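J.: this is a predicted model, with the sequence first.
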Amino acid sequence: MSRKVRVRFAPSPTGGLHLGGVRTVLYNYLFAKHHGGDFVLRIEDTDQTRFVPGAEEYIFNCLKWCGLEPDESPIHGGNYGPYRQSERKELYRQYAEQLVKNGQAYYAFDTPEELDKMRHDLKTNENTSPQYDHTVRMKMKNSLTLTQGEVNDLLAKGAKHVIRIKMPLNETVSFTDIIRGEINFNTSLVDDKVLLKADGMPTYHLAVVVDDYLMKITHAFRGEEWLSSAPVHILLWKYLFGLDEMPKWAHLPLILGPNGKLSKRDGAKYGFPVFAMNWIDPKTNELTEGFAEKGFLPEAFINLLAVLGWNDGTGQEIFTKEELIEKFSLERVHIAGAKFDFEKAKWFNHEWIKKSEVSDLKSPVKNVLIKKGIVVADEELLEKIILLVKDRCTLLTDFYEQSSFFFKTPTQWDVDAIKPKWNEGKKLFFETFNSKLLSLEGWDTALLENVFKELATEKNIKPGELQLPLRIMLVGGKFGPPVFQIAELLGKSETVFRINKALEVF
RNA sequence: GCCGCGUUGGUCAAGGGGUUAAGACGCCUCCCUUUCACGGAGGAAUCACGGGUUCGAAUCCCGUACGUGGUACCA
């Protein structure tokens, strides 16, 4: 009988939620839901110096927008709380002390200056970043080098100290990564990582192991950047709780930018978002644009993220969240990192806009229009407009360009586009056309097109040569859906009005 | 430097000993449409390199190169 699947995501509230982070959440979520398990979200606010106000709330907003709400979290509650690292502070010390007692960790009293000095003194061309490891620990100020009495004195005096893991000499630590298979590390090459900081807060290394144990996590998925510190976590599991209890690991490939690791700067540089939603850094007031505000549908966003590094083997690319839950498997996650391609991302959004129902598009489109100062009074008209233009919108924001002319009479016309072929005959045509429209019984696309073509034939002008001028009269430029459909939605009086108005200028 | 991980068209990728090496994005051509899209039909473009193993290697092994992550009292 296997345990219920429980996976977790543990962001630190340090700022915006970037693509890699959202994808990690996504894979956690999909895996949990695929197995009918729980998706636990805890906050890694272990380091007060890096905690950014508003960032936690921001994370929840992003998850909500993406439709990836956790089953347990600081705001959703759950049976394994508290879910904030800072609120669990007292838990960690005992485990660290236990390791010290068992000789698997030790107190270190080195000051930051002493550490700097050590790193500076030992730095050579062959060893550009010396580690606090078995080669130097016996030269430092710690409970391995001091006498028991000295240590007790320091502790009694309340001397600042950390607890570091004592990496064993020349042992092989192995574990099986669900995506990558067996991975081995030689412990001699791993440094004595700090487990408990001088301020009493745990580092990620201690916290992740203790919390995963206490919260009964069965599967731990995280970015590949954690792979190097995996041996520390494995050892901690072995020392503290036993390897049998340890969750299964999977290290997810990185999402890369055009030049290496995807960074916030790449977004600014290449003009695409890297965060799920807008993030304003409270310190600098700097805004980083999000996919939501850029005009992405959340369904498209998680879809494109899901298939950036995973596929179901069939060639299918468009998946609903339900399909993803059903088909997702870690074994089919790609091992290598993937470069993010914004063009493809836009394609996904376009596909999603095309396949979305008008009723689902209405609210986001309305928001786009309202933001641009357009008042949408007629809901029915809005629905017709969306249906008419959605195939040509890649981003939700495109709905503005594609439909604003339905709400605003043009005040400028692309005169250059028609001027070369404009003449009195055409002007006369439109004057006649307008009076015909006025006396028309009924008003629909087919009827308008008929009247237009009949009159063109009568006047001996090719209808094609008249369509562009009509379009420009109605919308102002060479864009928009088929011109007679525009006229139909505009209605008789507005159509006639626009033709007259344009005729004065042409 | 050291350690880990990786490498199939420009990008995402399928394929895991025998394939004409799928498909998608992007690009190009044509059709549809005398706006632009959508849609349809085509096209150019790929197994990092060098050694093995094998009758046979994109697929397995070793090396090299390159990329990437880590090397913090950051996560």
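T.: It's in.
J.: tell me the average confidence for whichever helix or strand A:Lys238 is part of?
T.: Applying DSSP states H and E as the criterion places A:Lys238 in helix A:230-240. Mean pLDDT, helix A:230-240: 97.
J.: repeat that for stretch A:51-71.
T.: Rounded mean pLDDT across stretch A:51-71 is 95.
J.: do the same with stretch A:483-503
T.: Mean predicted confidence for stretch A:483-503 is 94.
J.: would you mind naming what in the stretch 351-500 of chain A lies close to RNA strand B?
T.: Those residues of the stretch 351-500 of chain A that sit near RNA strand B, judged by Cβ under 7 Å from any atom of the strand, are A:354, A:391-392, A:462-465, A:467-468, A:471, A:478-483. Glycine gets a C-beta too; all of them are placed from N, C-alpha and C.
J.: which of those are buried?
T.: A:Arg392, A:Gln467, A:Arg471, A:Gly480, A:Pro481, A:Val483 (16 or more other Cβ atoms under 10 Å).
J.: pick out the residue of chain A closest to RNA strand B.
T.: Distances between chain A and RNA strand B by Cβ to the nearest atom of the strand are smallest at A:Gly464, namely 1.5 Å.
J.: if I look at that residue, how far off is A:Phe433?
T.: From A:Gly464 across to A:Phe433, the span is 15 Å (Cβ to Cβ, to the nearest Å).
J.: A:Gly315 too?
T.: Applying Cβ to Cβ to A:Gly315 and A:Phe433 gives a distance of 50 Å.
J.: and those two? Which one has more around it.
T.: Higher neighbour count among A:Gly315 and A:Phe433: A:Phe433, with 20 against 6, using other Cβ atoms under 10 Å.
J.: doesn't A:Val496 make contact with that one?
T.: No: in this structure A:Phe433 lies outside contact range of A:Val496 using Cβ atoms under 8 Å: 9.4 Å.
J.: ok, now which ones touch A:Lys4?
T.: Counting by Cβ atoms under 8 Å, 6 or more residues apart in numbering, A:Lys4 makes contact with A:Gly36, A:Gly37, A:Asp38, A:Thr218.
J.: repeat for A:Val190
T.: Taking Cβ under 8 Å, 6+ apart as the test, what A:Val190 contacts is A:Asp133, A:Met167, A:Pro231, A:Val232.
J.: flag every buried residue along stretch A:241-251.
T.: A:Phe241, A:Met246, A:Pro247, A:Lys248, A:Trp249, A:Ala250, A:His251.
J.: what do you get for stretch A:102-115?
T.: A:Gln104, A:Ala105, A:Tyr106, A:Tyr107, A:Ala108, A:Phe109, A:Asp110.
J.: got a list of contacts for the lowest-mean-pLDDT helix or strand in chain A?
T.: The helix or strand of chain A with the poorest confidence is strand A:260-261; it has a mean of 78 (mean pLDDT, DSSP states H and E). For strand A:260-261, contacts defined as Cβ under 8 Å, 6+ apart pick out A:Leu254.
J.: one step back: filtering the buried residues of stretch A:102-115 by proximity to RNA strand B, which remain?
T.: A:Asp110.
J.: same list, the buried residues of stretch A:102-115, but as JSON lines with pLDDT, secondary structure and distance to A:Phe296 please.
T.: Output for the buried residues of stretch A:102-115, formatted as JSON lines (pLDDT from 0 to 100; DSSP: H, G, I helix; E, B strand; the rest coil; distance: Cβ to Cβ, whole Å):
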{"residue": "A:Gln104", "pLDDT": "97", "secondary structure": "coil", "distance to A:Phe296": "48"}
{"residue": "A:Ala105", "pLDDT": "97", "secondary structure": "strand", "distance to A:Phe296": "46"}
{"residue": "A:Tyr106", "pLDDT": "97", "secondary structure": "strand", "distance to A:Phe296": "50"}
{"residue": "A:Tyr107", "pLDDT": "97", "secondary structure": "strand", "distance to A:Phe296": "50"}
{"residue": "A:Ala108", "pLDDT": "97", "secondary structure": "strand", "distance to A:Phe296": "48"}
{"residue": "A:Phe109", "pLDDT": "97", "secondary structure": "coil", "distance to A:Phe296": "51"}
{"residue": "A:Asp110", "pLDDT": "96", "secondary structure": "coil", "distance to A:Phe296": "48"}
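J.: make JSON lines from the buried residues of stretch A:102-115 and add distance to A:Leu447 to it.
T.: Formatted as JSON lines, these follow (distance: Cβ to Cβ, whole Å):
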{"residue": "A:Gln104", "distance to A:Leu447": "86"}
{"residue": "A:Ala105", "distance to A:Leu447": "85"}
{"residue": "A:Tyr106", "distance to A:Leu447": "89"}
{"residue": "A:Tyr107", "distance to A:Leu447": "89"}
{"residue": "A:Ala108", "distance to A:Leu447": "86"}
{"residue": "A:Phe109", "distance to A:Leu447": "90"}
{"residue": "A:Asp110", "distance to A:Leu447": "87"}
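J.: for A:Met118, state which of the buried residues of stretch A:102-115 is nearest.
T.: A:Asp110 (7.6 Å; Cβ to Cβ).
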